[in-house]
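Asker: this one's sequence-less:
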């Protein structure tokens with residue numbers, strides 16, 4: 001099993017202003033670090049717990065031999081107890097969304113085994129996060145469903161303890177050095193060397209192109225699919241925004257200059273604009289609460305609503321955050337957000353101001369030379 005990282009979906013690629021460090025904060029062995037503002041890690045140090053997989057809002061991390069969504073669909077058919085002792089890497093691999101989805105798909109209650117979590121050698125960071133995820137998922141579920149997550153010690157035996165370690169056979173060891181296996185040994189050696197090296201990621205043209213594609217995380221698709229099968233509540237509750245960490249509702253206060261950055265960097269398209277850029281819209285069910293739009297807002301006018309409406313899960317709607325008057329610049333002919341005064345776009349106004357400044361400097365220099 002190996003940890004994979006899809007750089008194109010990481011929010012830190014979109015802007016150096018991003019403050020997201022969720023993968024770094026959760027890593028129990030602290031192998032994930034920032035290199036040139038981007039996550040990097042040493043594969044041989046990774047213990048494949050999946051904590052970063054469960055915490056990344058845009059699903060940038062994944063494990064090669066454990067697909068969370070595939071497992072979720074298998075679970076919906078089997079309804080087994082979730083336990084790191086027999087069927088998952090660690091409960092931290094499931095974020096709040098996945099836990100809600102698994103609970104909604106369970107025949108009765110979702111059962112998760114936390115019997116060995118507290119005494120686990122990597123519990124310091126992961127165990128509190130597991131408990132927080134379960135608590136939040138149960139709270140969200142209680143607002144519209146009778147389903148819940150049962151977390152306790154289910155006394156599942158650890159199968160790994162009964163497995164007999166395989167001894168290295170000397171003959172097999174020597175066979176590896178025969179000529180016919182030389183290439184295989186070389187590849188294995190190179191792979192081992194590579195796993196001990198820090199994996200550093202960089203931005204190239206292909207990555208920039210990939211970033212243009214707005215993608216909705218698979219966990220959100222799964223949640224939305226299962227929510228559509230749920231009966232609509234008779235009454236929709238409203239909860240505090242701070243009590244839900246994977247989705248939000250937003251508003252824009254006065255002072256927005258329609259700089260376009262927020263909806264250009266939004267990884268899922270939750271924030272968008274009309275074709276003529278006159279209106280900024282927001283789809284809450286597409287928001288993953290990565291905070292990137294807030295990080296890049298120079299005017300700091302993009303705000304989180306203090307509350308979140310559960311109705312959004314069942315009747316999602318696009319909301320208008322701000323509207324602008326769009327006019328065509330008298331100088332260059334390009335459209336721009338007009339706030340009054342001369343009908344000249346900001347770029348042409350800057351060029352005009354620079355021209356005036358240069359002309360004044362030249363005039364002053366001319367007068368200075370004439371008097372000397």
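Answerer: Everything's here; your move. No experiment lies behind these values; they were computed from the predicted model shown. Numbering: from 1, shown residues only.
Asker: low-confidence stretches in this structure?
Answerer: 157-195, 208, 211, 372 (pLDDT under 70).
Asker: where is the longest helix in it?
Answerer: Assignment by DSSP state H gives helix 346-371 as the longest helix of the chain.
Asker: what residues sit buried inside it?
Answerer: Under the neighbour-count criterion of 16 or more other CB atoms under 10 Å, helix 346-371 has residue 348 buried. All C-beta spots, glycine's among them, are computed from the backbone N, C-alpha and C.
Asker: for stretch 108-126, same thing?
Answerer: Buried-residue list, stretch 108-126, by 16+ other CB under 10 Å: 110, 111, 112, 113, 114, 115, 117, 120, 122, 125, 126.
Asker: and the longest helix of the chain, what does it pack onto?
Answerer: If contacts are counted by 3 or more CB pairs under 8 Å, 6 or more residues apart in numbering; DSSP states H and E, helix 346-371 sits against no helix or strand.
Asker: my read: residue 130 touches residue 92, true?
Answerer: Yes: counting by CB atoms under 8 Å, residue 130 touches residue 92, with 5.4 Å between them.
Asker: could you name every residue contacting both of these two?
Answerer: By CB atoms under 8 Å, 6 or more residues apart in numbering, residue 130 and residue 92 have no common neighbours.
Asker: so where does residue 223 fall, helix or strand?
Answerer: Element membership for residue 223, per DSSP states H and E: helix 218-227.
Asker: chain center to that helix, what's the gap?
Answerer: Centre-to-centre, helix 218-227 and its host chain are 15 Å apart (CA atoms, centre = their mean, to the nearest Å).
Asker: list the contacts of it.
Answerer: 59, 68-69, 72, 95, 97-98, 100-101, 104-105, 268, 285-286, 288, 313-314.
Asker: buried residues in that helix?
Answerer: Those would be 218, 219, 220, 222, 223, 224, 226, 227, for helix 218-227 by 16+ other CB under 10 Å.
Asker: output those residues as a markdown table; include the columns distance to residue 292.
Answerer: Shown next, in a markdown table, are these (distance: CB to CB, whole Å):
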| residue | distance to residue 292 |
| --- | --- |
| 218 | 19 |
| 219 | 18 |
| 220 | 16 |
| 222 | 22 |
| 223 | 20 |
| 224 | 21 |
| 226 | 27 |
| 227 | 25 |
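Asker: residue 64: which of those residues is nearest?
Answerer: Residue 64 lies nearest to residue 218 out of the buried residues of helix 218-227, by CB to CB, at 16.1 Å.
Asker: my read: residue 97 touches residue 244, true?
Answerer: No: with contact defined as CB under 8 Å, residue 97 does not reach residue 244; the gap is 10.2 Å.
Asker: who's more crowded, those two?
Answerer: Neighbour totals were compared for residue 97 and residue 244, and residue 97 leads with 24 against 19 (other CB atoms under 10 Å).
Asker: what's the closest non-adjacent residue to that one?
Answerer: In space, and not counting its chain neighbours, residue 97 is closest to residue 219: 4.6 Å by CB to CB, 6 or more residues apart in numbering.
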